[in-house]
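Novice: just the structure for this:
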Amino acid sequence: MDLNADLGEGFGIWRLGDDEALLDLITSANVACGFHGGDPSTMRRVCAAAAQRGVAVGAQVGYRDLAGFGRRHIAYAFADLRDETTYQLGALDAFCRAYRTRVRYLKPHGALYHAASVDESQAAALIAAIDDYDRDLPVLCAPGSVLAQLATGAGLRVVAEGFADRGYLPNGTLVPRTALGALVTDPEQVAARAVRMATEQTVVAVDGTVVPCPVESICLHGDTPGAVASAELVRAALLDAGVTLTPFA
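Specialist: A predicted model of the protein is given here:
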């Protein structure tokens, strides 16, 4: 099982989360590329720290929306979203190469993640960017989503992920961040959910329903309260359960 987290989402003198501490615990880092969060110096710092630890770096691409942290939907034209995604891939890869590594996968962020799960045009724009840049890049996304289906159809590798620190609806989708139960903040509960995902491939929804969750990677959000404490418990619990932690890419 892979353990991933969203990192490098600060901007300028503003830091969000403890990137270095999380890099000691995860196997893949979803690094912001400057559009929803992050900046050149932050990208360099996180890429250097990830390379030093042998953590795989993925491009966490998002809408051009720093003020809204990429969590507000934007109705992009196909070509614009394709090109802005390609731009973000290239920017992050430049900093990776400075430390003898490279971008290993793509994961959309926030509102783009949710839009690409249901919107064929936005999902297709992401796939077109990968097709232009590097067809060997896997796509990290929700299982069964439109993005997963189109990527599979395009011959790309799809890596399904689950969220140990997010609430799920009975249909297997995430509880909207504005709704009650969107975040799971108790570290013990987050760890138990991660173990269940890894060993049983299921998750318990907010109504108590047991939902299938066939995933290869488990995400912990770097901006979730107590993210480091949760990650420490999740890692220990997975190892105690006999789960091997390794990057998928």
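
Novice: longest helix in this protein, by number of residues?
Specialist: The longest helix of the chain (DSSP state H) is helix 78-97.

Novice: what residues does it touch?
Specialist: Contacts of helix 78-97 from elsewhere in the structure, counted by Cβ atoms under 8 Å, 6 or more residues apart in numbering, are 31, 33-35, 40, 43-44, 47-48, 51, 57, 59, 61-62, 64, 76, 102-103, 106, 121-122, 124-126, 128-130, 132-134, 137. Where you see a C-beta, it was placed from the backbone N, CA and C, and this is true even at glycine.

Novice: you'd agree residue 198 is in a strand?
Specialist: No. Under DSSP: H, G, I helix; E, B strand; the rest coil, residue 198 sits outside any strand and is assigned helix.

Novice: so how many other residues sit close to it?
Specialist: 26 (other Cβ atoms under 10 Å).

Novice: repeat that for residue 50.
Specialist: Quick note: residue 50 (other Cβ under 10 Å) scores 25 neighbours.

Novice: also residue 248?
Specialist: 20.

Novice: with residue 40 instead?
Specialist: 11.

Novice: how about the one 4 residues further on?
Specialist: Neighbourhood size, residue 44 [other Cβ under 10 Å]: 17.

Novice: quick one: the helix or strand hosting it to helix 78-97, angle?
Specialist: Assigned by DSSP states H and E, residue 44 belongs to helix 40-53. Angle of helix 40-53 versus helix 78-97, following axes from the mean of the first three to the mean of the last three Cα atoms, to 10 degrees, is 50 degrees.

Novice: contact partners of helix 40-53?
Specialist: 7-8, 10-11, 19-20, 23-24, 29, 31-34, 56-57, 91-92, 95-96, 98-101.

Novice: let's see the helix or strand that comes right after the longest helix of the chain as CSV, backbone CA atoms only.
Specialist: Next helix or strand after helix 78-97 toward the C-terminus (DSSP H and E): strand 103-108. Output of strand 103-108 as CSV, limited to C-alpha atoms (Å, rounded to 0.1, in the frame of the first residue of the first chain):
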residue,chain,number,x,y,z
VAL,A,103,7.5,13.7,-11.4
ARG,A,104,6.2,10.2,-11.0
TYR,A,105,2.4,10.7,-11.3
LEU,A,106,-0.4,13.3,-11.5
LYS,A,107,-3.2,13.9,-9.0
PRO,A,108,-5.8,16.7,-9.4
